[in-house]
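*Asks:* coordinates only, no sequence provided:
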């Protein structure tokens, strides 16, 4: 935290392009998918916030979202190190990096090695360099761009994510399991249709950016072979058509561990399977409409003064001991998966 110098909140935005420059392998499935084109841009979006935490200090937060399948601790650590070297008045522990969970982007690392990388395509190392540079540049620029801002919060509702684990009479559950079985009793978990929106405005009243939080990953197109930010990319496109082509839109996936953008209880004849571009455009449009509905509420509620309390903790979690039986079962499942044809 820095010494207090203002009683109002400051916000700064920045974006960077992380669209692969050449053909790449798309991360997000257990088999190799080589990109056959680019449908839309992959982006990094950063929002820097600074404001009074108490009577003596300013709180800091830097949220950076990227159109990626996932992030990991090593990536965050590397970017924090870069920011520590380039931005003197920012505490790098206040950096939060999140991914939109698109399955249609290259990966900066290969933690599972489900397939052997083909050297003809963009390597994990090459793309990691691109991503780290973009995360650092956007974060640094957002921090430098911070200026007095008005902030408002609004909420709307839209059905986006559904539990993807059907539950059966024997107590078992299966990801993407059949729901037309006679022993199907319901879905293992529920869903959250809340769409959370935070808007920022300049002192002159100009909308500068929107944070969108939805409990659904951006993965309608997960089995397709094109580079795309998926439904979040479609949402951004539609919002920029309405609100300005340079609008900053930071996408956050809420609690959505076993959520997917498709309802498994619908019969196939409904035509609502949401595995293709048409489904992605429908859901992206639905989300854009929900954000547009919430934005006037956020604008009405906007104000200059907030307390910014960003608490950072590093808990020490116990390591679960795996039994020999569990290890043997997992090893057998992995061997069978690796042996199956792509």
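*Replies:* Received the coordinates, thanks. Because the structure is predicted, anything quoted here is derived from the model rather than measured. Numbers count the residues shown, from 1 in each chain.

*Asks:* residues making contact with stretch 247-256?
*Replies:* Stretch 247-256 is touched from outside by 13-15, 45-47, 63, 65, 98-101, 161, 192, 194, 196, 207-218, 232, 235-236, 239-240, with contacts defined as CB atoms under 8 Å, 6 or more residues apart in numbering. For the C-beta atoms, the positions are set from N, CA and C on the backbone; glycine is no exception.

*Asks:* let's see that with 6 Å instead.
*Replies:* 13, 45, 47, 65, 98, 100-101, 161, 209-213, 215-217, 232, 236, 239-240 (CB atoms under 6 Å, 6 or more residues apart in numbering).

*Asks:* any of the residues you listed buried? List them.
*Replies:* Neighbour-count burial (16 or more other CB atoms under 10 Å) applied to these gives 13, 45, 47, 65, 98, 100-101, 161, 209-213, 215-217, 232, 236, 239.

*Asks:* tell me which of these fall in strands.
*Replies:* Where the buried ones among the contacts of stretch 247-256 overlap with strands, as defined by DSSP state E, the overlap consists of 13, 45, 47, 65, 98, 209, 210, 211, 212, 213.

*Asks:* and the second one, what are its bridge partners?
*Replies:* Put plainly, it is residue 45. With DSSP bridges as the criterion, residue 45 is bridged to residue 15, residue 65.

*Asks:* tell me the contacts of it?
*Replies:* By CB under 6 Å, 6+ apart, the contact list for residue 45 reads 15, 65, 248, 250.

*Asks:* helix or strand right after whichever strand or helix holds residue 281?
*Replies:* With the criterion set as DSSP states H and E, the secondary-structure element containing residue 281 is helix 277-301. Proceeding C-terminally, helix 277-301 gives way to helix 324-339 as the next helix or strand, assigned by DSSP H and E.

*Asks:* pretty sure residue 68 contacts residue 99?
*Replies:* Yes - Residue 68 sits in contact with residue 99 when judged by CB atoms under 6 Å, with a separation of 4.2 Å.

*Asks:* so the two - more neighbours on which side?
*Replies:* Neighbours per residue (other CB atoms under 10 Å) separate residue 68 from residue 99, with residue 68 holding more: 26 against 20.

*Asks:* for the more buried one, give me its contacts.
*Replies:* For residue 68, the contacting residues are 99, 105, by CB under 6 Å, 6+ apart.

*Asks:* over to residue 245: give its phi and psi.
*Replies:* When read as degrees, to the nearest 10, the backbone of residue 245 gives phi -70, psi -20.

*Asks:* now do the one 10 residues further on
*Replies:* Backbone dihedrals for residue 255, given as degrees, to the nearest 10, come out at phi -70, psi 100.

*Asks:* show me the helices in this protein, by range?
*Replies:* 73-86, 124-144, 230-243, 277-301, 324-339 (DSSP state H).

*Asks:* against residue 258, how distant is the closest residue to residue 181 other than its chain neighbours?
*Replies:* What sits nearest to residue 181 in space, not counting adjacent residues and going by CB to CB, 6 or more residues apart in numbering, is residue 168, at 6.8 Å. Using CB to CB, to the nearest Å, one obtains 15 Å as the distance from residue 168 to residue 258.

*Asks:* can you list the low-confidence ranges for the chain?
*Replies:* With pLDDT under 70 as the threshold, the chain has low-confidence stretches at 1-7, 55, 111-112, 341-342.

*Asks:* most remote residue from it's center?
*Replies:* Among the C-alpha atoms of the chain, the one most distant from their mean position (CA atoms, centre = their mean) is that of residue 182, at 36.3 Å.

*Asks:* give me the contact list for stretch 116-123.
*Replies:* Contacting residues not belonging to stretch 116-123 are listed as 20, 22, 23, 24, 25, 106 [CB under 6 Å, 6+ apart].

*Asks:* may I see the buried residues of it?
*Replies:* Within stretch 116-123, the residues scored as buried using 16+ other CB under 10 Å are 121, 122.

*Asks:* could you work out the end-to-end span of it for me?
*Replies:* Separation of the first and last residues of stretch 116-123 by CA to CA, to the nearest Å is 11 Å.

*Asks:* for the spatially closest residue to residue 231 that is not a sequence neighbour, give its distance to residue 87.
*Replies:* Closest residue to residue 231 in three dimensions, ignoring its sequence neighbours and counting by CB to CB, 6+ apart: residue 284, at 4.2 Å. Here the criterion is CB to CB. By it, residue 284 lies 33 Å from residue 87.
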